[in-house]
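Student: no FASTA, just this:
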């Protein structure tokens, strides 16, 4: 019997079948020059098509939501052509791929935006910290412009349009990025949301922006093709802890159950020195949400298998192990050692540290189970 029996077993849903429960987590690799995924990006994802599901890195739904230098978008025809090549190459290796849709809100810099579009956010609250721009320079993030109600609706519509575009390009589904301190979580959080209109104040009102995205996306492409990522308690991108954090995310969980979307993906950042998601909170989400629950956060094959066997999760997302191990699933199947990655090339660089990591066999494509 395999040590990773559950991890490597297929998962069948009404709309999709995943050949194993190993998910390649969405990771920003910053290789999309001028926001356009190039041939190397297609090679990178195709090399990792043995995953039960690839969630492609967060891709901006609008020009003012790119955030980081050389991060991709999905809002113009050049970007879309690049993503079409990615999808085609992953599907040629019998892989499944979603794209993560993002608007970074106040996290970014206008110099990383097409036309130097200004930052936008729920309220005019500047994020602490510096942002890398072209030329390997670092500048403070400026104060964002507060979105009007019409502006917030435009951002919701941008997510819906991006989801429709993704399906038209051949993606198997989309993941809405409601985590890591980007625009939807900025609406959730009282530090960054100081509004008094329908998008601010109570938990219900602060959740409305994200839930209207979910409502629109599921209506446009189907609930069976829609997932969401959340990161309660992580405190990323200058979001401090707040008293209603657990209550906010449990309110979201109940609402997401009503939308019947495919999965909730919870990102635990404790392996990066952030507070963990408490186990009792995870079990509460599991109790409230009957569809798929995906967990990410520094898992090994052994710890992932244990979580799956416990019934707490259905899918486990792996990030950094996939960077240096294109054939990660095969290595799990054979209990083979993993290659260590070069941290200096995780978030910048060219093909080195991107598509040049070795595989155990010449072609890792058939490594799914």
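Tutor: Right, received. Where do you want to start? From a predicted model like this one, the values you see are computed outputs, not experimental measurements. Numbering: from 1, shown residues only.
Student: just the helices in the chain please.
Tutor: 39-47, 77-92, 149-169, 183-188, 203-221, 245-259, 279-288, 301-310, 320-324, 328-334 (DSSP state H).
Student: Reformat those helices into a markdown table and put mean pLDDT and distance to residue 123 next to each item.
Tutor: To be clear about C-beta, it is placed using only N, CA and C from the backbone, and glycine gets the same treatment. As requested, the helices of the chain are arranged in a markdown table below (pLDDT from 0 to 100; distance: least, C-beta to C-beta, whole Å):
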| stretch | mean pLDDT | distance to residue 123 |
| --- | --- | --- |
| helix 39-47 | 98 | 34 |
| helix 77-92 | 98 | 29 |
| helix 149-169 | 98 | 11 |
| helix 183-188 | 98 | 8 |
| helix 203-221 | 98 | 11 |
| helix 245-259 | 98 | 17 |
| helix 279-288 | 98 | 27 |
| helix 301-310 | 97 | 37 |
| helix 320-324 | 97 | 34 |
| helix 328-334 | 97 | 41 |
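Student: Compare these and give me the one nearest residue 344.
Tutor: In this view, the helices of the chain are compared for proximity to residue 344 by C-beta to C-beta, and helix 320-324 is the closest at 11.9 Å.
Student: How far does the closest one sit from its chain's centre?
Tutor: For helix 320-324, the separation from the chain centroid amounts to 16 Å (computed by C-alpha atoms, centre = their mean, to the nearest Å).
Student: Contacts for it, please.
Tutor: Where contact means C-beta atoms under 8 Å, 6 or more residues apart in numbering, the residues beyond helix 320-324 that reach it are 24-25, 27, 29, 48, 51, 328, 338-342, 346, 353, 357.
Student: Nearest to residue 124, out of the helices of the chain?
Tutor: When the helices of the chain are ranked by proximity to residue 124 (C-beta to C-beta), helix 183-188 comes first, at 11.5 Å.
Student: from the chain's centre, how far out does the closest one sit?
Tutor: Using C-alpha atoms, centre = their mean, the mean C-alpha position of helix 183-188 is found 15 Å from that of the whole chain.
Student: Repeat that for stretch 245-263.
Tutor: On the basis of C-alpha atoms, centre = their mean, stretch 245-263 is displaced by 17 Å from the centre of the chain it belongs to.
Student: Show me what counts as buried in that stretch.
Tutor: 245-246, 248-253, 255-256, 259, 261-263 (16 or more other C-beta atoms under 10 Å).
Student: contacting residues for the nearest residue to residue 285 once chain neighbours are set aside?
Tutor: The spatial neighbour of residue 285 that comes closest, neighbours along the chain excluded (C-beta to C-beta, 6 or more residues apart in numbering), is residue 253 at 5.2 Å. By C-beta under 8 Å, 6+ apart, the contact set of residue 253 is 264, 284, 285, 288, 289.
Student: which one of those residues is nearest residue 138?
Tutor: Taking C-beta to C-beta as the measure, residue 264 is the one of those closest to residue 138, at 34.3 Å.
Student: can you pull the pLDDT of that closest one?
Tutor: Reading off the per-residue confidence, residue 264 sits at a pLDDT of 98.
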